[in-house]
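Colleague: coords please:
(2 chains)
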Amino acid sequence: MPDEQRLAATQGGSNEANGTLAVYVWRGDENGGTEQRFDVPRQESQTVLDVVTWIQQQADASLTYRFACRVGMCGSCAMMVNDEPRWTCRTHVGRVARNGELHIAPLRNLPVIKDLVTDMDPFFDKWVKAEAIHHPSAGRSDAFAAVTPDDPERIEASAGIECINCAICYAACDTVAGNTDYLGPAALQRAWTLYNDSRDDGGDAILDAVSQSGGCHSCHSMGSCTHYCPNDLDPMGAIAGLKRATAKRFFGGGRG
Amino acid sequence: MLELRLYMAQRITALIMAPLVIGHIAVMIYAVQGGLSAGEILGRTQGSLSWALFYGSFVVAVSIHGAIGVRTVLSEWAGLRGGVLNGVCLALCALLLVMGGRAVMAVTMT
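Modeller: All right, here's what the predicted structure looks like:
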């Protein structure tokens, strides 16, 4: 008996720990694919990443997926779980299973490499296109910049800096699905945090970048990014900030 | 910066339309009191520069606002890009301007 099954058996008594989970995992590559069913023993406090790992270790070693930290910090294990983007390491099976079933697929809106692994290049290329890169305002010979936590611009910047680049917002975004040029919530939110960072000297470059085709003005404020962000960030609010800043500059105003 | 200009044009025309829509609805409610007839409407609008400007600016704002909105829909849902996308939307804007302009002239000119 595999360790997991023994563990499941010894944890009888808890409904959550009983039985088997029917897991349908998308298998394939850039040319297409289909779901494959695996029966996975149910365990207490089991996460979706635990399920995928069990399949890879106990049922089919050829299953390809991506993970690293397992504690919600690295942003590498995001997948579609029952058609919704989630960080699988922090998603308990008990919260998302429907009728004892899980459907696990690679992240939406990104090209698939194999099985549950997507090519993240388009996602990160758009960070650069959005000028979501640091534009230094001082050199190593300058004094340390004083960052005041309660400064209004700093508060705006701080609200978005805990992004872990998991691309869940990007997968959730229907505007990305309809417009492949759209920079997406994560890149635009990072542009907004840098725009509000007193140490960043690229304010105009950022506003130019996010005013291009596919920039912040393509956002329809549907809010899936904010709804699904596992870190409770508000990319939609950040994009609204960029819209305000670009509109203010359009009318000749200063920083928005 | 075309996207930004279109975004601003759509928001500015929305700001223009908001009071015009309210005025339009208010006049509709006023006009239907005690029955509605073509004669009553034309009696109010024909020869009136104010109504010509009111509905003329409405038509201009709607033509710009609507064409930009449809441009976004065609881009996202039909995959149109570049010259084709802009051409279709300019044509739609022109069509709305001509049709709306003709309607305004029909009810305001004597």
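Colleague: C-alpha from now on. contacts and neighbour counts both.
Modeller: OK.
Colleague: who touches stretch A:227-241?
Modeller: Surrounding stretch A:227-241, the residues in contact under the criterion C-alpha atoms under 8 Å, 6 or more residues apart in numbering or on different chains are A:85-87, A:159-160, A:162-163, A:168-169, A:172, A:185-186, A:188-189, A:192-193, A:216, A:219, A:221, A:223, A:225-226, A:256.
Colleague: got the CA coordinates for it in CSV?
Modeller: Listed next in CSV are the C-alpha coordinates belonging to stretch A:227-241 (Å, rounded to 0.1, in the frame of the first residue of the first chain):
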residue,chain,number,x,y,z
HIS,A,227,-11.0,38.8,-7.6
TYR,A,228,-8.5,35.9,-8.2
CYS,A,229,-5.3,37.5,-7.0
PRO,A,230,-4.1,35.0,-4.3
ASN,A,231,-2.3,37.8,-2.4
ASP,A,232,-5.4,40.0,-2.3
LEU,A,233,-3.8,42.7,-4.4
ASP,A,234,-5.8,45.0,-6.5
PRO,A,235,-4.4,45.2,-10.1
MET,A,236,-7.7,46.6,-11.3
GLY,A,237,-7.3,49.6,-8.9
ALA,A,238,-3.6,50.0,-10.0
ILE,A,239,-4.7,50.1,-13.7
ALA,A,240,-7.4,52.7,-12.8
GLY,A,241,-4.5,54.7,-11.3
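Colleague: so how far is that stretch off the chain centroid?
Modeller: Relative to the mean C-alpha coordinate of its chain, stretch A:227-241 is positioned 11 Å out (C-alpha atoms, centre = their mean, to the nearest Å).
Colleague: please apply the same query to stretch A:173-188.
Modeller: Taking C-alpha atoms, centre = their mean, one finds the center of stretch A:173-188 at 13 Å from the center of the full chain.
Colleague: and stretch A:46-60, by the same measure?
Modeller: The chain centroid and the centroid of stretch A:46-60 are separated by 21 Å, computed with C-alpha atoms, centre = their mean.
Colleague: and the stretch 101-250 of chain A, which residues reach chain B?
Modeller: Proximity of the stretch 101-250 of chain A to chain B is confined to A:T175, A:G178, A:N179, A:D208, A:S211, A:Q212, A:S213, A:H217, A:T246, A:A247 under the rule C-alpha under 8 Å from any C-alpha of the partner chain.
Colleague: how far does stretch A:48-60 stretch from start to finish?
Modeller: 16 Å (C-alpha to C-alpha, to the nearest Å).
Colleague: which positions in that stretch come out as buried?
Modeller: In terms of neighbour count (16 or more other C-alpha atoms under 10 Å in any protein chain shown), stretch A:48-60 has its buried residues at A:V48, A:L49, A:D50, A:V51, A:V52, A:T53, A:W54, A:I55.
Colleague: what comes into contact with it?
Modeller: With C-alpha under 8 Å, 6+ apart as the contact definition, stretch A:48-60 has outside contacts at A:2, A:38, A:40, A:61-65, A:70, A:77, A:88-93.
Colleague: for chain B, state which of those residues is nearest.
Modeller: Checking those against chain B with C-alpha to the nearest C-alpha, the nearest one is A:C77 at 28.9 Å.
Colleague: quick one, phi psi at the closest one?
Modeller: Backbone dihedrals for A:C77, given as degrees, to the nearest 10, come out at phi -100, psi 20.
Colleague: just give the nearest non-adjacent residue to it, would you?
Modeller: In space, not counting the residues next to it along the chain, A:C77 is nearest to A:F67; the distance is 4.5 Å by C-alpha to C-alpha, 6 or more residues apart in numbering or on different chains.
Colleague: hang on, the earlier thing: just the buried residues of the contacts of stretch A:227-241.
Modeller: Buried by 16+ other C-alpha under 10 Å: A:85-87, A:159-160, A:163, A:168-169, A:172, A:185-186, A:188-189, A:192-193, A:216, A:219, A:221, A:223, A:225-226, out of the contacts of stretch A:227-241.
Colleague: returning to what we had before: among the residues of the stretch 101-250 of chain A next to chain B, which ones are buried?
Modeller: Buried members of those, scored by 16+ other C-alpha under 10 Å, are A:T175, A:G178, A:N179, A:D208, A:S211, A:Q212, A:S213, A:H217, A:T246, A:A247.
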